[in-house]
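Asks: Using only what follows, build the 3D model:
(chains A and B)
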Amino acid sequence: MGSDVHEEELISIPITVDVPYRFAAGKYLGKFLVELRDNGTFYGIRCPVCKRVQMPPRIVCAQCHVKNTEWVKLGNEGTLVGFTIMYIPLTDPTTGKPHDPPFTYGSVKLDGSDSVLDHLVNIEPDVSKIWVGMRMRVVLRPKGERIGDLSDILYFEPLEGQVQPE
Amino acid sequence: MAEETNYEIFEVDQHITAHSRYFAGKMGSLFYRTLRDEKKIMGVNCKKCNKVFWPPRSTCGRCFSQLAESDMVEIGPQGTLETFTLITYSEPVHPRTAPFIYGIIKLDGADTGMAHIIDEVDFDDLSIGMRMEPVFEEERKGTILDIRHFKPVS
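Replies: Numbers count the residues shown, from 1 in each chain, chains lettered A, B, ... in the order given. Below you'll find the predicted structure:
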C-alpha cells in the first residue's frame, strides 16, 4: 500500500494573473511624457537647493524637500553607469510580456541629468564587449507611433567607434 | 516669459502579468484526481476536532493534528447555500464575465463552506439555506472548475 505512494499523479495548476492598470501621471510626469511623445526630448528638473537634476521629474526634491521648478532639457545621449546581462525573463511593465533572455539591461545617465534611466541595451549580451563609461544614445519609436510611456524608448544603443579602455 | 504650455492631463496604461503554478500537494492531488475521475468531492476529517474541512489539507487548521489521505471522506455533492453575491463587473481573474453569482455552499457532511459560481437561477430567486447541487464539466481537467457551477436542487 505504502510502496506505490510515489506512483500517484500529483496535480499542479498553472495560474496566470493578469493585471492591467492605469495611473494618472500628474503635472510633472505628464509634461515629461508628452514632450517625449511629441518631440522626442527628455526633460529633467533641477532642485533649487542641491542643484541636482532629477529625471523623471518630481514636484518635490526627495533630499531637500523643496519644490522643483526649473526644467532642464536633457540630451538624447548619455553614459552607461551600470549594466547587467539578464539570463531570466523580465516582465515588461508596459506590455506584461516577458523579454526572452539573454539580453543586456543598462543604467544610463543622460547628459545634463543626475539620475539614471534603466532600459534595454541593444548590444550583444557579452560582458567583455560592454563597459561602464560607454557612450550611449537613446533610440525612440518613430514620431507618430509614440504613445507617451517608457515603451517609447526602444533601447539604448552604443555610439559608433568606441574603444574599450584597457 | 509666457512660454508656459498647458499640458494635457495624462494617464499611463501599464500591465502586469504574473505566471505561477499552484502545486496541490498530496491531499490536494487526491482531491483533484477524485473530482476529475469520479466526479466526487472530498473533504478531510479531523477525528480530534470531529470536524470535516474543505479544502482537504494535511494539517488540521484548528488543532494542528497531522491528517492523512486515509482521513479524506466524500462530502456532498449536495449542500446548503450559506451566502451569495452578485458580481457586476468583469475582471481578468474571474472565470466568468459579469454579471454572475458567487456563493458559499456548505456541502453535506462538511463543516466549512466552499466558494463557487452559482448559475441556472435568477439572483432574486436565491435565498440563504437553499439546497444546491453541483454541475460537473463533461471534460474535466483536474481543476476546481471541473465543477462548472452550483445550481438549486430541482
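Asks: Show me which residues of chain B sit near chain A.
Replies: B:5, B:7-26, B:28-30, B:32-33, B:92-93, B:142-143 (Cβ under 8 Å from any Cβ of the partner chain). Placement of C-beta: from N, CA and C, glycine included.
Asks: buried subset of those?
Replies: For the residues of chain B next to chain A, a neighbour count by 16 or more other Cβ atoms under 10 Å in any protein chain shown gives the buried set as B:7, B:10, B:12, B:14-15, B:17, B:24, B:28-30, B:32-33, B:142-143.
Asks: could you dump those to CSV with distance to A:Leu154, pLDDT and secondary structure?
Replies: Converted to CSV, those look like this (distance: Cβ to Cβ, whole Å; pLDDT from 0 to 100; DSSP: H, G, I helix; E, B strand; the rest coil):
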residue, distance to A:Leu154, pLDDT, secondary structure
B:Tyr7, 24, 82, coil
B:Phe10, 21, 87, coil
B:Val12, 17, 87, strand
B:Gln14, 17, 83, strand
B:His15, 18, 81, strand
B:Thr17, 21, 80, strand
B:Ala24, 42, 92, coil
B:Gly28, 44, 94, helix
B:Ser29, 45, 95, helix
B:Leu30, 50, 95, helix
B:Tyr32, 44, 95, helix
B:Arg33, 48, 95, helix
B:Gly142, 42, 92, coil
B:Thr143, 39, 92, coil
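Asks: for chain A, where's the lowest mean pLDDT among helices and strands?
Replies: Lowest on mean pLDDT, DSSP states H and E among the helices and strands of chain A sits strand A:90-91, with a mean of 77.
Asks: typed the wrong thing, it's chain B
Replies: Across helices and strands of chain B (mean pLDDT, DSSP H and E), lowest is strand B:11-23: a mean of 85.
Asks: And the contacts of that strand?
Replies: Applying Cβ atoms under 8 Å, 6 or more residues apart in numbering or on different chains, the external contacts of strand B:11-23 come out as A:10-25, A:33, A:91, A:93-97, A:148-149.
Asks: again with stretch B:140-154
Replies: A:11, A:13, B:32-33, B:35-37, B:39, B:41, B:78-79, B:95, B:103, B:105, B:116-121, B:125-126, B:130-137.
Asks: Now do whichever helix or strand B:Leu35 is part of: which elements does it pack against?
Replies: Here B:Leu35 sits within helix B:25-38, counting by DSSP states H and E. Secondary-structure packing of helix B:25-38 (3 or more Cβ pairs under 8 Å, 6 or more residues apart in numbering or on different chains; DSSP states H and E): strand B:41-46, strand B:72-75.
Asks: Alpha carbons of it, as CSV, please.
Replies: Output in CSV follows, covering the C-alpha atoms of helix B:25-38 (Å, rounded to 0.1, in the frame of the first residue of the first chain):
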residue,chain,number,x,y,z
GLY,B,25,0.3,18.6,-2.8
LYS,B,26,-0.5,15.1,-1.5
MET,B,27,-4.0,15.8,-0.2
GLY,B,28,-5.0,18.3,-2.9
SER,B,29,-3.9,16.0,-5.7
LEU,B,30,-6.1,13.2,-4.3
PHE,B,31,-9.0,15.8,-4.1
TYR,B,32,-8.5,16.9,-7.8
ARG,B,33,-7.9,13.3,-9.1
THR,B,34,-11.1,12.1,-7.4
LEU,B,35,-13.0,15.1,-8.7
ARG,B,36,-11.8,14.6,-12.2
ASP,B,37,-12.0,10.8,-12.4
GLU,B,38,-15.0,10.1,-10.2
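Asks: Any idea what the nearest residue to A:Thr95 once chain neighbours are set aside is bridged to?
Replies: Using Cβ to Cβ, 6 or more residues apart in numbering or on different chains and skipping residues adjacent in sequence, the residue nearest A:Thr95 is B:His15, 5.8 Å away. Judged by DSSP bridges, the bridge partners of B:His15 are A:Pro20.
Asks: do you know how far B:His15 is from A:Thr69?
Replies: Distance of B:His15 to A:Thr69, given as Cβ to Cβ, to the nearest Å: 33 Å.
Asks: just B:Pro92 next, same as before
Replies: Distance from B:Pro92 to A:Thr69, by Cβ to Cβ: 41 Å.
Asks: One more: A:Val139?
Replies: 31 Å.
Asks: same deal with A:Glu157?
Replies: 33 Å.
Asks: Pull the residues that contact the least confident helix or strand of chain A.
Replies: So strand A:90-91 is contacted by A:Lys97, A:Pro98, A:His99, A:Pro101, A:Phe103, A:Tyr105, B:Ile16, B:Thr17, B:Ala18 (Cβ under 8 Å, 6+ apart).
Asks: For chain B, see how far away the fifth one is.
Replies: If I follow you right, that is A:Phe103. To chain B, A:Phe103 is 18 Å away according to Cβ to the nearest Cβ, to the nearest Å.
Asks: which phi and psi does that residue have?
Replies: Main-chain torsions, A:Phe103, degrees, to the nearest 10: phi -150, psi 160.
Asks: Tell me the bridge partners for it.
Replies: A:Met86.
Asks: Sounds good, over and out.
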